[in-house]
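Undergrad: A structural model of the following input is requested.
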Amino acid sequence: MANHGPDQLAAQGRDLLARQGFALRSSLTDYWRAPTDWQFFPKAILQPYAEWLAHAGRSPSDRPPVRGGNHCPTCGGAPQLSVLQAAAGGGSSLEGGSRHLLCATCLGTWSFRRVLCPGCGEEDERKLVYFHSPDFEHLRIDACESCRQYLKSVDLGQLGLAVPLVDEVAGAPLDIWAREHGYRKIELNLVGL
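TA: Residues are numbered from 1 along each chain as shown. I've put the predicted structure just below:
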């Protein structure tokens, strides 16, 4: 990345390579304790570790989980996207199927109410809005008028073969639309969308 990446990432890569011992560990530790979705390299380096911890059923001992349904029950990370699944019996996922949030830190998932903002907890359905494009039938923006935050939802009832992490990135035009309309994503993904 330092040699062939885009200018901004190349500069960050060179900076990371220049750090030695304690400075490198310190930057990773700082990110681990207070993650931010604007730091590509610490997130890219630590996300597999957090995912391994989650698969092993372990919560980070130096990073206690945040209590509340809008954060990952395993690691305390913020949600990166929402996954909608079809209702039991084959009904449409828009007609009451389940909703899970995917953690931006450990990539774990947890159940979450459908009519509830994962950013601020708003439950007035008149303030929870949804936007989609015919170009992305299985993707939509779930936005909240109260906190002006949004998540992208991948609807597996519409496209059962969708891969949520990949499809979220492929739907980048929806993120652009949301930003142009004054919404901020709850947590950016690894590529900054």
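Undergrad: tell me where the chain has helices.
TA: Per DSSP state H, the chain carries helices over the ranges 7-18, 21-33, 40-55, 164-170, 172-180.
Undergrad: only C-alpha atoms, please: export the first one in CSV.
TA: Just to be clear, that refers to helix 7-18. Extracted C-alpha coordinates of helix 7-18, given in CSV (Å, rounded to 0.1, in the frame of the first residue of the first chain):
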residue,chain,number,x,y,z
ASP,A,7,-1.9,9.0,-2.2
GLN,A,8,-3.6,9.3,1.2
LEU,A,9,-3.3,5.6,2.0
ALA,A,10,0.2,5.5,0.7
ALA,A,11,1.2,8.3,3.1
GLN,A,12,-0.5,6.5,6.0
GLY,A,13,1.2,3.3,5.0
ARG,A,14,4.7,4.9,5.0
ASP,A,15,4.0,6.5,8.3
LEU,A,16,3.0,3.1,9.8
LEU,A,17,6.1,1.5,8.4
ALA,A,18,8.3,4.3,9.9
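Undergrad: pLDDT of that helix, averaged?
TA: Mean per-residue pLDDT for helix 7-18: 84.
Undergrad: quick check, Q158 in contact with R140.
TA: No. Q158 is not in contact with R140 according to CB atoms under 8 Å; the separation is 9.3 Å. From N, CA and C alone the C-beta is placed, and that goes for glycine too.
Undergrad: higher neighbour count, these two?
TA: R140 (23 against 18; other CB atoms under 10 Å).
Undergrad: so which of the helices of the chain gets nearest P79?
TA: Closest to P79 of the helices of the chain, according to CB to CB: helix 164-170, at 11.6 Å.
Undergrad: contacts for that closest one next, please.
TA: Residues outside helix 164-170 that contact it (CB atoms under 8 Å, 6 or more residues apart in numbering) are 80-81, 83, 102, 107, 136, 138-139, 152, 154, 156, 159, 189, 191, 193.
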